[in-house]
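# below are the sequence and a predicted model for it; my questions follow.
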Amino acid sequence: MLETDDSDGDDDLAVEEVADGFEHPWSLSVVPDDGRLLVTEREGALSVLDPDDGDVEDVDGVPDVYAEGQGGLLDAAFHPDFPDEPWLYLTYATANGDGESTTALGRGELDLESGSLEGLEELYAVEPFLDATDHYGSRVVFGEDGAVYVTVGDRGSKEFGPDHYSQDTSTAIGSTLRLEPDGSIPDDNPFLDDDDVLDELYSYGHRNAQGMTIHPETDELWQSEHGEEDGDMLRIVEEGANHGWPVVHYGCEYGTDDPVGDEFDDRDDVVDPVYYWECNSGGFPPAGMTFYDGDAFEEWEGDLFVGNLAGEYLGRFTVDGTDVEEVDPLLEGQGWRIRDVVTHPETGVLYVAVDDADAPIVRLTPE
């Protein structure tokens, strides 16, 4: 067992590797009414991990994925009424016959007894497919309204300016999607009356949101989003709004101090992030995120946890409305790129996925 202390010294934090040998795990989910962890691996594997004994069972029937660059099997989300509604939703990169790829959403019925995903169907694939392997976005969550929300990255486009994909509302590239559980368009989506915007869009102007969660008290949709050179952000996503990328941004072009776009203060037609890292700050390349609402760490109730990839730590943020402050870097010094984090609803402990070719799943408990 590895041990560390939280940075303010109030309580000891026990760190334990529950299981290892995962190949670039991308998401962690707690199986409802079961307590085990569902793990996706970018190379295309799906498995169920028993956190009590470290036993790992593979799940068959996953989609064929395009595991190049940042692509592969990415996020997973259970239907809110699972297991009565046994649907498991997956996001992944998929390719066409020309070697071009895109972000896709699929679902199948998860049979835990047989260890299989049955009747897999693709619900949505972003158009157009592109000859690029970056910025798929791909977080998926269910809102309190029962809708499915999916982040779509900008696919690494460097066409900065108003003609960028993320500002082109005739495509879902660089957006947040809002869909019904069967993949159809909700009849109250924000752009239904605008012929210039896809009906499935909930928001646009995003670069690459790789974290998304629902605030447990306000039901707000929060995202963590990668910036260019720094410019990383934490957002409360607003329905029907332009979130700025790349016409407005806090970061700079890579290798320069040249700003990308305008400053947010200069525009009143875009949504400001609630927290950001400006150019030359060192940034915070963010991944999965969760609000803590368990009993194991009472002092953390309501705090936001976000994985830091390049910085190799788990960030803790206090949140009061839109006032956000980073307070504790956890797991520093382990050399772990933190890809995802989840609170176990039964025990209140945190589980963390480390992004590496031979990676552990880690449990954090009070010592």
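Everything's here; your move.
# chain neighbours aside, what residue packs nearest to residue 169?
Of all residues beyond its chain neighbours, the one nearest residue 169 is residue 197 (4.1 Å), with distances taken as CB to CB, 6 or more residues apart in numbering. In short, each C-beta sits where N, CA and C put it, glycine included.
# how about residue 292?
With sequence-adjacent residues excluded and distances taken as CB to CB, 6+ apart, residue 292 is closest to residue 300, at 4.6 Å.
# does the residue nearest to residue 169 really touch residue 167, like I thought?
No. Under the criterion of CB atoms under 8 Å, residue 197 makes no contact with residue 167, lying 11.4 Å away.
# between those two, which contacts overlap?
With contacts taken as CB atoms under 8 Å, 6 or more residues apart in numbering, residue 197 and residue 167 have residue 204 as neighbours in common.
# that older thread, and the residue nearest to residue 169, that one's in a helix?
No. When the secondary structure is assigned by DSSP: H, G, I helix; E, B strand; the rest coil, residue 197 falls in coil instead of a helix.
# which residues does it contact?
The neighbours of residue 197, taking CB under 8 Å, 6+ apart as the test, are 169-170, 191, 204.
# including neighbour count, pLDDT and secondary structure, could those residues go into TSV?
Supplementary listing: these in TSV, determined by neighbours: other CB atoms under 10 Å; pLDDT from 0 to 100; DSSP: H, G, I helix; E, B strand; the rest coil:
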residue	neighbour count	pLDDT	secondary structure
169	17	98	coil
170	12	98	coil
191	20	99	coil
204	26	99	strand
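# what is the nearest of these to residue 130?
Distance from residue 130 was checked for each of those by CB to CB. The minimum falls on residue 170, at 14.7 Å.
# make sure that closest one is actually in contact with residue 198.
Yes. Checked against CB under 8 Å, the pair residue 170 and residue 198 is within contact range at 6.7 Å.
# any idea what residue 148 is bridged to?
Beta-bridge partners of residue 148, counted by DSSP bridges, are residue 142, residue 179.
# now it: how far from residue 293?
Distance, residue 148 to residue 293, by CB to CB, to the nearest Å: 21 Å.
# the two: which has the busier surroundings?
residue 148 (23 against 15; other CB atoms under 10 Å).
# look up the pLDDT of residue 35 for me, please.
As predicted, residue 35 sits at a pLDDT of 97.
# actually residue 5, not the one I wrote
43.
# try the one 3 residues further on
Residue 8 is assigned a pLDDT of 42 by the prediction.
# same check, this time on residue 256
Confidence score, pLDDT, at residue 256: 87.
# and what of residue 292?
The predicted local distance difference test score for residue 292 is 98.
# same question, residue 328
Per-residue confidence (pLDDT) for residue 328: 87.
# dig out what it forms beta bridges with.
Under DSSP bridges, the beta-bridge partners of residue 328 are residue 316.
# correct me, but it touches residue 316?
Yes. Distance between residue 328 and residue 316: 4.0 Å, which falls inside the contact criterion (CB under 8 Å).
# if I pick the closest residue to residue 266 other than its chain neighbours, what's in contact with it?
Among residues not flanking residue 266 along the chain, residue 248 sits closest, at 7.7 Å (CB to CB, 6+ apart). Applying CB under 8 Å, 6+ apart, one finds that residue 248 lies in contact with 205, 261-264, 266-267, 270.
# the residue lying closest to residue 68 once chain neighbours are set aside - how many residues pack around it?
In this structure, residue 68 finds its nearest non-sequential neighbour in residue 133, 4.7 Å apart by CB to CB, 6+ apart. Other residues near residue 133 come to 19 when the count uses other CB under 10 Å.
# residue 255 too?
Counted with other CB under 10 Å, residue 255 comes out at 7.
# what's in contact with stretch 258-275?
160, 203, 205, 225, 228, 231, 233-238, 241-253, 279, 317, 322-324, 326.
# wait, residue 281 sits on residue 230?
Yes. Residue 281 sits in contact with residue 230 when judged by CB under 8 Å, with a separation of 5.2 Å.
# so the residue nearest to the spatial centre of the chain is in which element?
In the chain, the C-alpha nearest the mean C-alpha coordinate belongs to residue 211, at 2.6 Å (CA atoms, centre = their mean). With the criterion set as DSSP states H and E, the secondary-structure element containing residue 211 is strand 209-214.
# what strands line up against that strand, and which way round?
Pairing partners of strand 209-214, with direction, according to DSSP bridges: strand 221-225 (antiparallel).
# now the partner strand - C-alpha only, CSV.
Listed next in CSV are the C-alpha coordinates belonging to strand 221-225 (Å, rounded to 0.1, in the frame of the first residue of the first chain):
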residue,chain,number,x,y,z
LEU,A,221,-23.8,20.6,-16.1
TRP,A,222,-20.1,21.1,-15.3
GLN,A,223,-17.2,20.4,-17.7
SER,A,224,-13.4,20.4,-17.6
GLU,A,225,-11.9,21.5,-20.9
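# show residues contacting it.
Outside strand 221-225, the residues touching it (CB under 8 Å, 6+ apart) are 139, 141, 143, 149, 151, 176, 206-215, 232-237, 273, 286-289, 291, 304, 306.
# pull out the buried members of those residues.
For the contacts of strand 221-225, burial is judged from neighbour counts taken by 16 or more other CB atoms under 10 Å, and it is met by 139, 141, 149, 151, 176, 206-215, 232-237, 273, 286-289, 291, 304, 306.
# please name the bridge partners of residue 58.
residue 47.
# can you pull out the strands in the stretch 51-200 of the chain?
With DSSP state E, counting those that start in this stretch as the criterion, the stretch 51-200 of the chain has strands at 56-58, 73-78, 87-95, 101-111, 116-125, 140-142, 148-152, 175-179.
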